[in-house]
Structures are given as C-alpha cells and as structure tokens.
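Novice: With the sequence up front, the predicted model follows.
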Amino acid sequence: MFHIGKANEISRRAFMQRSSQLAVMGAASGYAMGLAGLSDAAAFETGGGYKALVCVFLLGGNDHANTLIPFDSPNYNRYSTIRGGLPAAGGIAIDRSALASQVLNPLQPQTLTDDIQLALAPTMPRLKARFDQGALAPVLNVGPLITPITRQQFDSGNNSMFPRPAKLFSHNDQQSTWQSGSPEGSVSGWGGRIGDLAASSNTNSMFTAINATGNAVFLSGDQTQPYGISSAGAIEIAALRRNLYSSSAASQALNALLTNGTNHIFENDYAMANARSIQFSGFINDALQNVNLATDFGNGNGLAQQLEIVAQLIAARNQLGVTRQVFLVATGGFDNHDGLIGTHENLLAGVDFALDAFYSAMLEVGVADRVTTFTASDFGRTLASNGDGSDHGWGGHHFVLGGAVNGGQFYGTAPEISVDSDDQVGRGRLLPTTSVDEYSATLAKWLGVSPGEIPIVSPNIGNFNSPDLGFLRDVSQQAITSA
C-alpha cells in the first residue's frame with residue numbers, strides 16, 4: 001500500500017505551530033527590531049552545534065554515464081559500444097586510458113552489479129582525492145519515485161496501480177519533482193520543509209534557508225521562504241539608497257511598490273521577499289565584513305562564486321544567529337543533446353573545482369563535519385548516444401561531500417551497462433533504484449529532523465524500506481521536532 005500525500009495531514013499539525021511573523025514583516029521597522037520579530041518563539045533547543053545542508057543543482061540533466069564511467073574491461077566495452085565508441089569514431093565514450101588514475105576503489109571491500117569498477121570523469125581529480133580520503137560518497141541511480149516500480153510495472157502503463165512521477169523527461173517538471181516531489185507549479189520544496197522544522201532552532205529564522213542562485217521551489221516551505229543573496233553579498237536596490245530621478249518622493253513610491261503587500265497571495269509574497277531583501281541587506285553585509293577566508297575560489301567559475309558566499313555566510317553563522325541552515329546553489333549547461341564531448345568534461349571540471357574549494361573552506365572554518373554538500377539534477381540521461389550527445393533520462397548518479405560522510409564507498413545499486421535490462425526503461429534511461437525521498441530523508445535526519453517528522457520532508461518515504469541510506473554519520477543526537 002503506498003501513501004501518496006501522507007505528509008499533508010502530518011505537516012498541517014506541525015506547521016500550524018510555526019510562527020507567522022514572517023508574513024507580517026514590513027519594511028518600515030528597523031532591522032534590529034525585525035530580527036527579533038522574525039525569530040520563532042524558541043519551541044525547542046537543538047543541541048550539538050551548527051549543521052547545514054548545501055544542495056548543488058546541475059541544471060539541464062547531468063550525463064551520469066560520462067561522470068561515473070565503467071573501467072573494468074567487460075563493462076567498459078559494453079559502455080563504449082552503446083555510446084558509439086570514441087569521439088574519433090563519432091561516439092561519445094570517454095577513452096579508457098584516461099580513466100586509470102580515476103578508478104574509485106572502495107575503502108572497504110564492496111562488490112557492485114556485474115563486478116563493475118567505476119571511475120570518476122578524468123576532469124574531476126579533486127573529488128577523486130576526496131573519495132580516497134573518505135569524504136565523498138557516490139549515490140547510485142537516484143531519481144524521483146512514488147513507490148518502488150519494476151520495468152514490467154512501468155511498461156504496463158497502469159498508473160493507478162503502479163504510479164510513477166508525472167511528466168517524466170520534462171526539464172521544468174523534473175527539476176520541480178526533484179526539489180519538491182511534484183511537477184512544475186509546486187509551492188513547497190523539501191529544503192523549505194526542512195527549514196520549516198528547523199527555523200525555531202535559529203535566533204534569526206530569516207536566515208534558515210538561503211538561495212544563492214535563481215528562482216527555485218527547493219527552499220520554499222509553508223512558513224520558510226528563502227533569503228536570496230548574490231555572489232557579491234546581500235542583494236541591494238541602488239535606487240532606494242538615493243533619490244530616484246532626484247526625487248525623494250519617487251524613491252518612496254518605488255519602495256511602496258516593491259514592499260507593500262496586497263490581498264493577492266503572489267503579490268504579497270513578492271512584496272515580502274522584497275521587503276526582507278531591502279531590510280536586511282545591511283545586516284548581512286555587516287556580518288560578512290570581517291569574514292576573510294584564505295581558501296582560493298578562483299575567478300570565472302560561477303558555481304565556485306556561489307559557494308564562496310555560502311562559505312562566508314557559514315563563517316558568519318554566529319553573527320547571523322543560526323544553528324541550522326539549508327542552502328541552494330546551481331550551475332547550468334548540462335542539457336547536452338549534442339556537443340557532449342568537450343562541453344561536459346569542462347562542466348564537470350568546474351563542479352570538481354568548486355566543490356573541492358568549498359570543502360577546503362569548511363575545513364578552514366572548522367565545520368567540515370557540520371556541513372554536507374550534495375548534488376541533484378533534473379534527471380540522468382540516456383546511456384545510448386543520439387549521435388553527438390545524450391537525451392533526457394530518469395535516474396542518475398549523485399555525490400555527497402563532507403566531513404560527516406561515510407565516504408570511500410558506493411551507496412545504492414549500480415545499474416547494468418545495457419539498453420535492454422530490467423533496470424532501465426528504454427535507450428538506457430535508468431529506472432531509479434534509490435528514490436529522492438530516501439536521499440532527502442537521509443539528509444534531513446542528519447540535519448536533525450526527528451524520525452516521526454521525516455514524512456513532512458519526504459512524503460513518499462513510507463513506501464520504501466529505509467529512511468536512512470547510511471551515507472552520513474551523526475555528529476549530534478538532538479533531533480528537530482515540531483513539538
């Protein structure tokens with residue numbers, strides 16, 4: 001029996017206990033007063049010190065087959081044949097000779113499907129080193145699921161008996177489904193639902209969920225709304241710091257247009273977000289003023305710049321008054337229907353540098369075991385080549401990085417290297433064997449969400465065997481609850 005929407009009943013009980021102060025915030029109050037007002041009445045205390053989750057979203061659908069690549073001869077040969085051979089022959093396979101130094105040898109004995117050996121992409125040597133250190137764990141064949149489903153059940157087309165996520169293979173819908181559990185139009189993401197539960201552990205609940213990238217549902221909750229920040233710091237509206245068109249009245253009118261709420265829910269949410277950005281930009285910038293990190297995040301890498309501001313905010317966590325946070329960063333370009341070779345390797349090199357720099361910064365700040373970074377993407381892609389690239393898929397491989405990660409091991413089930421096996425649904429589109437609900441539940445539990453409230457975060461978790469995949473070790477015992 002599967003339990004679609006089980007979280008609705010539970011979450012209403014929990015969320016009604018949350019403060020509604022964010023919804024009545026106005027731009028006229030001083031930010032010191034605003035901070036006091038925005039803090040949830042402390043319903044509980046969270047022990048064990050600071051913790052944060054950082055979601056790195058790879059927009060466009062990452063080609064997992066050229067990210068984690070078969071290295072043993074039998075599986076490599078199958079992979080290369082399905083991908084049309086090497087680029088010189090018109091295919092999209094990575095040359096096996098480039099993989100020898102990138103083979104991921106588990107720190108503890110581990111046998112994967114068909115005795116497959118997997119190598120990390122050649123342009124990701126830094127994350128290979130983190131795997132060898134035990135700080136990185138690949139999670140295999142993850143994707144949105146409502147309940148476990150077999151190839152035969154999928155092929156039956158009986159959605160009522162064997163439900164599957166709606167609008168598979170669609171970019172916008174699957175980005176939303178990964179982030180929220182529902183297609184485009186969803187108003188609540190699992191990062192935001194974690195934020196709803198975690199907010200009252202923070203003195204300033206405003207900064208529980210922070211978005212360093214564009215609009216996304218991931219950090220939206222019932223009470224929690226993401227605080228947007230740019231790579232350069234707080235987002236400011238220059239026209240409000242001076243007279244607009246040499247007129248103070250014009251500046252005041254602009255301020256009213258941006259921040260005055262209405263009876264329309266979307267207009268009111270927009271005004272609230274603007275008001276928060278305007279009101280608290282000074283506070284954020286003051287908190288960041290004395291943060292000086294030695295870690296080099298380089299130049300020209302947008303993902304690294306986003307992670308640098310996240311690292312600075314984490315370094316300023318005491319000034320911000322937070323002990324639990326969820327962040328979102330993102331980088332695009334992964335929709336490689338053509339030109340996969342070259343383009344994809346460069347994208348992965350950027351991810352490799354950015355994630356490694358961020359982990360180095362967390363070591364520098366002294367919270368590497370308190371901050372867990374994880375990847376997500378619209379979907380995986382077809383194992384079969386379309387000639388010069390790969391097409392939209394379903395399941396894919398992801399990475400979890402941090403000092404609390406039980407790394408140097410694989411989690412989940414490795415797929416067969418095939419286009420007709422039972423663990424794919426055509427052209428090598430992986431049928432997920434690990435659900436996003438299991439992935440999110442494991443992360444939420446580590447952050448401190450109590451077992452009884454995991455279904456708020458991961459609504460379908462009751463349909464799967466375990467709410468904990470084991471890739472994180474607990475570094476504190478106090479749980480976040482709605483009590």
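Specialist: Received the coordinates, thanks. Please read all numbers here as calculations on a predicted model, not as lab measurements. Numbering: from 1, shown residues only.

Novice: now the helices: where do they sit in the stretch 251-400 of the chain?
Specialist: Taking DSSP state H, counting those that start in this stretch as the criterion, the stretch 251-400 of the chain carries its helices at 265-288, 302-315, 317-320, 340-365.

Novice: Buried residues, the third one. List them.
Specialist: When neighbours are counted by 16 or more other Cβ atoms under 10 Å, the buried residues of helix 317-320 are found to be 317, 319-320. Placement of C-beta: from N, CA and C, glycine included.

Novice: Not counting its own residues, what contacts it?
Specialist: Contact with helix 317-320 is made by 50, 204, 207, 284, 286-287, 313, 323, 325, as judged by Cβ atoms under 8 Å, 6 or more residues apart in numbering.

Novice: Show me how to select, in ChimeraX, the buried members of the residues you listed.
Specialist: To isolate the buried subset of the contacts of helix 317-320 in ChimeraX, counting by 16+ other Cβ under 10 Å, use the following:
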select :50,204,207,284,287,313,323,325
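
Novice: ok, the contacts of helix 317-320 vs Pro467, which is closest?
Specialist: Comparing those against Pro467 with Cβ to Cβ places Gln325 closest, at 21.7 Å.

Novice: so the closest one bridges to which residues?
Specialist: Beta bridges link Gln325 to Ala52, judged by DSSP bridges.

Novice: hang on, the earlier thing: export the helices of the stretch 251-400 of the chain to a markdown table and tack on distance to Gly143?
Specialist: Converted to a markdown table, the helices of the stretch 251-400 of the chain look like this (distance: least, Cβ to Cβ, whole Å):
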| stretch | distance to Gly143 |
| --- | --- |
| helix 265-288 | 30 |
| helix 302-315 | 22 |
| helix 317-320 | 33 |
| helix 340-365 | 19 |
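
Novice: Pick the most buried one from these.
Specialist: Counting by mean count of other Cβ atoms under 10 Å, helix 302-315 has the highest mean neighbour count of these, with a mean of 24.

Novice: Work out which residue lies at the spatial centre of this structure.
Specialist: Cys55 (2.6 Å; Cα atoms, centre = their mean).

Novice: what residues are up against that one?
Specialist: Going by Cβ under 8 Å, 6+ apart, Cys55 touches 191, 218, 326-329, 374-376.

Novice: if I've got this straight, it is in a helix?
Specialist: No: Cys55 sits outside any helix when classified using DSSP: H, G, I helix; E, B strand; the rest coil, being strand.

Novice: Where do the strands of the stretch 51-200 of the chain begin and end?
Specialist: For the stretch 51-200 of the chain, applying DSSP state E, counting those that start in this stretch gives strands covering 51-58, 68-70, 118-120, 136-143.

Novice: Can you list phi and psi of the spatially closest residue to Tyr359 that is not a sequence neighbour for me?
Specialist: Distance criterion Cβ to Cβ, 6 or more residues apart in numbering; nearest residue to Tyr359, sequence neighbours excluded, is Leu401 at 5.7 Å. Main-chain torsions, Leu401, degrees, to the nearest 10: phi -130, psi 130.

Novice: Now do the same contact list for Leu401.
Specialist: Listed by Cβ under 8 Å, 6+ apart, the contact set of Leu401 reads 127, 130, 135-137, 355, 359, 372-374, 407.

Novice: low pLDDT regions in the stretch 201-350 of the chain?
Specialist: Where the stretch 201-350 of the chain drops to pLDDT under 70, the residues are 236-246, 250-278.

Novice: so, if you compare the contacts of Leu401, which one comes nearest to Ser247?
Specialist: Among these, and counting by Cβ to Cβ, the member closest to Ser247 is Thr373, at 46.5 Å.

Novice: Quick one, which of the strands of the stretch 51-200 of the chain gets closest to Gly214.
Specialist: Judging the strands of the stretch 51-200 of the chain by Cβ to Cβ, what sits closest to Gly214 is strand 51-58, at 10.0 Å.

Novice: Rounded mean pLDDT for that closest one, please.
Specialist: Regarding strand 51-58, the rounded mean pLDDT is 98.

Novice: What separation is there between Gly214 and Glu308?
Specialist: 17 Å (Cβ to Cβ, to the nearest Å).

Novice: What of Gly233?
Specialist: The gap separating Gly233 from Glu308 is 11 Å, by Cβ to Cβ.
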